[in-house]
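Peer 1: heads up, no residue letters with this:
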Ligand code: AMP
Ligand code: TRP
């Protein structure tokens, strides 16, 4: 167990691979804003190095990175309060990532379900980067000595691996250097499901656009997608038990609760007995009222690319004040000869 007390610090990242959606907003971004406004030092990252574990067209990657930065700001991340960066501008992430490639074990990596899902049937043809990805993710977090990581449910296994890597490093080198990070997976929408299939998570890569609400969708599109979302013929129950075995109904209630900062029980106490024909327009109105201002602001910021690029440059400057000393200390622990003054 760690004896050192680490300053509370939050880190999280999102891949700039297009199609930011409601799951990203509720499972991640909205929570990032909550934590920024609590008493934490917060660092949020567009993980462009992670994005290229699968092929990205270079022009699209640049556009998506800036769009994601615009999304963070539009959702309420204040670049003065939080440190906002793209991963590749802070080289210490990749440098610590290498050290962690040498700490993590093949057997640990082979258990990662996200690799299995993403590599699919043709794992032999997946990039080595996709396999090593969770070690880089651990480095993203630990290069800041971050203590708390807000994420959606799907990242839980990667955060357990991050703890394993920190523990093994500390043990192998006889130090108490890296914190054992806490995952923060909370709220009503840690796993937003597809609108077409309540057993699949809402995802950027789903070929069906109707399966998700994109953060750039306009009000009409949002309302239409909710109207068409798959449901069952029953009405809403008055208590959460009534949502068991009803994944589509549960998903819409979870989304309503998360958007309205309520618990599922509170929503059902108000809405129990309503039919979906009545509930869906209410959900649509709520979703539009929360999301439309974000997409409008994103569009405004995207017209102002220089401002975005300056925010990222400033973010990386601030980030490196934290990451450079932690990398140097890591190198010292591992036994890398430091540069002397010439
Ligand atoms: P990604 O888009 O995979 O880079 O995910 C960025 C963040 O959004 C991570 O914290 C994910 O856990 C979260 N996230 C992605 N999809 C969902 C979803 N369907 N429901 C809740 N959170 C999600
Ligand atoms: N793996 C995360 C995802 O796919 C993105 C990510 C990369 C991340 N590095 C991180 C999340 C560090 C939290 C902390 O969604």
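Peer 2: Sure, I can see it. Remember, it's a predicted structure, so these values are computed and weren't measured experimentally. Residues are numbered from 1 along each chain as shown. Ligands and ions are numbered 1, 2, ... in the order given.

Peer 1: wait, what's in contact with the residue in the chain that ligand 1 sits nearest to?
Peer 2: Ligand 1 sits closest to residue 27 of the chain, with a gap of 2.0 Å, by Cβ to the nearest ligand atom. Every residue, glycine included, has its C-beta placed from N, CA and C. Taking Cβ atoms under 8 Å, 6 or more residues apart in numbering as the contact definition, residue 27 lies against 151-153, 187, 189-192.

Peer 1: Now which of those residues would you call buried?
Peer 2: Among the contacts of residue 27, those buried by neighbour count (16 or more other Cβ atoms under 10 Å) are 151-152, 187, 189-190, 192.

Peer 1: Please list which of the residues you listed also come close to ligand 2.
Peer 2: residue 151 (Cβ under 6 Å from any ligand atom).

Peer 1: which one of the buried ones among the contacts of residue 27 sits closest to residue 330?
Peer 2: residue 151 (23.6 Å; Cβ to Cβ).

Peer 1: pretty sure residue 212 is in contact with residue 20, am I right?
Peer 2: No: between residue 212 and residue 20 there is no contact under Cβ atoms under 8 Å: 9.6 Å.

Peer 1: burial count for the closest residue to residue 212 other than its chain neighbours?
Peer 2: Of all residues not flanking residue 212 in the chain, residue 21 sits nearest, at 4.3 Å (Cβ to Cβ, 6 or more residues apart in numbering). The number of residues packed near residue 21 is 23, by other Cβ atoms under 10 Å.

Peer 1: which parts of this protein sit against ligand 1?
Peer 2: Contacts of the chain with ligand 1, taken as Cβ under 6 Å from any ligand atom, map to 14-15, 23-24, 27-28, 151-152, 154-155, 190-192, 201-202, 204.

Peer 1: thinking again about what came up before, which among the buried ones among the contacts of residue 27 gets closest to ligand 2?
Peer 2: residue 151 (5.1 Å).

Peer 1: isn't the closest one right next to residue 32, touching?
Peer 2: No: with contacts counted by Cβ under 8 Å, residue 151 stays clear of residue 32, the gap being 9.8 Å.

Peer 1: Give the residues shared as contacts by those two.
Peer 2: Common contacts of residue 151 and residue 32, defined by Cβ under 8 Å, 6+ apart, comprise residue 12.

Peer 1: before we move on, back to that, shared neighbours of residue 212 and residue 20, anything?
Peer 2: What both residue 212 and residue 20 touch, as defined by Cβ under 8 Å, 6+ apart, is the set residue 204.

Peer 1: With neighbour numbers in mind, choose between those two.
Peer 2: In this view residue 212 and residue 20 are compared by other Cβ under 10 Å, and residue 20 has more residues nearby, 28 against 25.
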